[in-house]
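Peer 1: Provided below are the primary sequence and the corresponding predicted coordinates.
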Amino acid sequence: MLDPEQEPIFTVDGPNNKVYERVNWTPQASGISIPDEVAEKLEIDWAKFLNRHDPVRNITYADEIDEEKTFLEGASKTVKINIYERNAEARSICIKKYGARCSICGFDFGKQFGEIGQGFIHVHHITPLSMICKGYILNPIDDLRPVCPNCHAMLHQKRPEPYTVEELKTILMQMIDKAN
């Protein structure tokens, strides 16, 4: 989902999007069927729109796997990235205040894994350092939250700004309610 007030909207019209003309995007009924080749282009264009390297992969079901097929993995490649300095004391203060359990789902590695999980937790910057792009004065109580690695990854599924802790909590609660 995008916020149209703050983010550009993905559109399917334009001179390079002739393949999209094959689909009625505004039917008078719920649900539409998208041909495979249109869906593939849509996945690629959506990934480019979100500045992701790869489009969402097609789902392969177990009964569709060719048992003879092999894959190459483990080749080395050089990647240049920006690394933002973190303050270990700020992290400590955040964990001391909120505890080493996820602020979203409540997961506690110490309770689940015992001694090896004691104190393990990611710390999420409410305003991503990549958006600030410079050093800044951080308040560990206001600007950081402890989150498990899964919830941390889900926070950053929304770009350019991640979901807030409260937004992701709401999404999680809605999914739990649906399951029950």
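Peer 2: Arrived safely. What you are looking at is a predicted structure, and each value in this text was computed from that prediction instead of being measured.

Peer 1: residue 78: helix or strand, and which one exactly?
Peer 2: Residue 78 belongs to no helix or strand when assigned by DSSP states H and E.

Peer 1: for the remainder of this discussion, apply numbering that starts at 44.
Peer 2: From this message on, residue numbering opens at 44, which makes the last subject residue 121.

Peer 1: ok, now which ones touch it?
Peer 2: Applying Cβ atoms under 8 Å, 6 or more residues apart in numbering to residue 121 gives no contacts. Where you see a C-beta, it was placed from the backbone N, CA and C, and this is true even at glycine.

Peer 1: what's the pLDDT at it?
Peer 2: pLDDT for residue 121: 78.

Peer 1: ok, residue 126 next?
Peer 2: pLDDT at residue 126 comes out at 63.

Peer 1: and residue 164, by the same measure?
Peer 2: Per the predicted model, pLDDT is 96 at residue 164.

Peer 1: is it correct that it is in contact with residue 135?
Peer 2: No: contact criterion Cβ atoms under 8 Å: residue 164 and residue 135 do not qualify, at 11.4 Å.

Peer 1: so between the two, which is more surrounded?
Peer 2: residue 164 (25 against 13; other Cβ atoms under 10 Å).

Peer 1: what about residue 192, how many neighbours?
Peer 2: Residue 192 has 13 nearby residues by other Cβ under 10 Å.

Peer 1: hmm, I typed the wrong one, I wanted residue 163.
Peer 2: Residue 163: 14 surrounding residues under other Cβ under 10 Å.
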